[in-house]
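[1] sequence unknown, structure follows:
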Ligand SMILES: Cc1ncc(COP(=O)(O)O)c(C=O)c1O
């Protein structure tokens, strides 16, 4: 069969599917900036600059059963997460990153032609997952400060609406959603998914409410607060029947034994990790103050571990490129509702200092 022949067999709706734009490899950036890989300052993916608990490395180095499949029923993992969230294990499903739960929830609810309400601009994996299910994204724009427009969301609900997706706080804007707004949407009876990837930084969660509602779900991750992005550990809190269905459609071994160890050790070292979370929150506030002093940038208040900035004077793409040439990675954002912007992850204090110095140099060049 020719290459054309096999391509013709692909689902036609996926032939033009754009995919998800992930960042560049560190090696490529380091080579272009002519610096060692470990000198790159990586502020483009909202990762934890402090890394994971040292206990994780220690425990992995003595583990000897890598040849055995992990427990498909996630018994210990769900119990550990019960201890962390104070929500019963029957509500909990873990996954390979919360990305995968967005995918699984979409597969569970969304079929061809079904509608999903998304409050844009927001995390692009929502569009990615729903589109792969042949669902139709109904985009409801946020207001000028990136708050969810609750009445517009309610108006967008039709008989075909299967899900309302809310990121709290939102990525890339950092905006929180008041719990009263979330509950107004839950009261519509449509299943509501609240993605709480940054909850440890924001402190606001709906998880204690999940057991009171049949249509409320919350997604979380160990990628950000616990510094375990490369392990891919996400989990969700669901009504128990939904958790059962999700367990039945997930691939059996999607959370590795190494990830279970990482969760176990992180939760034993919670004080250490929460200290780092507090350091990141304090640094976010300092970074915000420094960014505000640059008159050509407009930073937006954030409850997460990153800050969105509109570029008021100059091109965001050039700012991003200029920083990259100096070995500093930030995310360039160009969405129909969010033009000419960059999103900056919160790093260590020395990362903030290097970033601000570089921005001042780039700003001078542009003036
Ligand atoms: C809102 C939101 N949800 C989910 C994720 C994905 O997290 P994970 O690493 O657990 O897949 C991210 C990552 O940036 C995010 O910003």
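    In hand now; what should we look at? Because the structure is a prediction, the values reported are computed rather than measured.
[2] Buried ones in stretch 234-242, by neighbour count?
    For stretch 234-242, a neighbour-count test (16 or more other C-beta atoms under 10 Å) marks 234-239, 242 as buried. To be clear about C-beta, it is placed using only N, CA and C from the backbone, and glycine gets the same treatment.
[3] So for that stretch, first residue to last residue, what's the gap.
    Taking C-alpha to C-alpha, to the nearest Å, the first and last residues of stretch 234-242 lie 16 Å apart.
[4] what about it, average pLDDT?
    Averaging pLDDT along stretch 234-242 gives 98.
[5] ok, and does it reach over to the ligand?
    Yes: if you take C-beta under 6 Å from any ligand atom as the test, stretch 234-242 does meet the ligand, through residue 234.
[6] Just want the most central residue of the protein.
    residue 197 (5.3 Å; C-alpha atoms, centre = their mean).
[7] Other residues contacting the helix or strand hosting residue 275?
    Taking DSSP states H and E as the criterion, residue 275 maps to helix 270-292. Helix 270-292 is contacted from outside by 48-50, 53, 84, 200-201, 225-227, 266, 297, 299, 301-302, 305-307, 309, 344, 346-349, 352, 355-356, 359, using C-beta atoms under 8 Å, 6 or more residues apart in numbering.
[8] distance between it and the chain's centre?
    In terms of C-alpha atoms, centre = their mean, to the nearest Å, the centre of helix 270-292 is set 18 Å apart from its chain centre.
[9] The closest residue to residue 299 other than its chain neighbours and the ligand: what is the separation?
    Of all residues not flanking residue 299 in the chain, residue 291 sits nearest, at 4.1 Å (C-beta to C-beta, 6 or more residues apart in numbering). Between residue 291 and the ligand the distance, using C-beta to the nearest ligand atom, to the nearest Å, works out to 20 Å.
[10] hmm, back to that, so the residue nearest to the centre of the chain makes contact with residue 226?
    No: between residue 197 and residue 226 there is no contact under C-beta atoms under 8 Å: 11.8 Å.
[11] The host helix or strand of residue 308 packs against which elements?
    Per DSSP H and E: residue 308 is located in strand 306-311. On a contact count with 3 or more C-beta pairs under 8 Å, 6 or more residues apart in numbering; DSSP states H and E, strand 306-311 meets helix 270-292, strand 297-299, strand 338-345.
[12] redo that, cut-off 6 Å
    strand 297-299, strand 338-345 (3 or more C-beta pairs under 6 Å, 6 or more residues apart in numbering; DSSP states H and E).
[13] May I have the strands that pair with the last one, each with its orientation?
    Meaning strand 338-345. Using DSSP bridges, strand 338-345 pairs in its sheet with strand 306-311 (antiparallel), strand 331-335 (antiparallel).
[14] Likewise for the shortest one?
    If you go by DSSP bridges, strand 297-299 pairs up with strand 306-311 (antiparallel).
[15] Okay, angle between the strand it pairs with and helix 270-292 too, please.
    Strand 306-311 runs at 10 degrees relative to helix 270-292, counting by axes from the mean of the first three to the mean of the last three C-alpha atoms, to 10 degrees.
[16] quick one: is strand 306-311 near the ligand?
    No: using C-beta under 6 Å from any ligand atom, strand 306-311 never reaches the ligand; the gap is at least 8.6 Å.
[17] buried stuff in the first helix or strand past the strand holding residue 308 going along the chain?
    Using DSSP H and E, the next helix or strand after strand 306-311 towards the C-terminus is helix 316-325. Within helix 316-325, the residues scored as buried using 16+ other C-beta under 10 Å are 316, 319-320, 322-324.
[18] Kindly point out the strands partnered with the very next helix or strand once past helix 316-325 and how each is oriented relative to it.
    On the C-terminal side of helix 316-325, the closest following helix or strand by DSSP H and E is strand 328-329. Each strand paired with strand 328-329, and its direction, by DSSP bridges: strand 41-42 (parallel).
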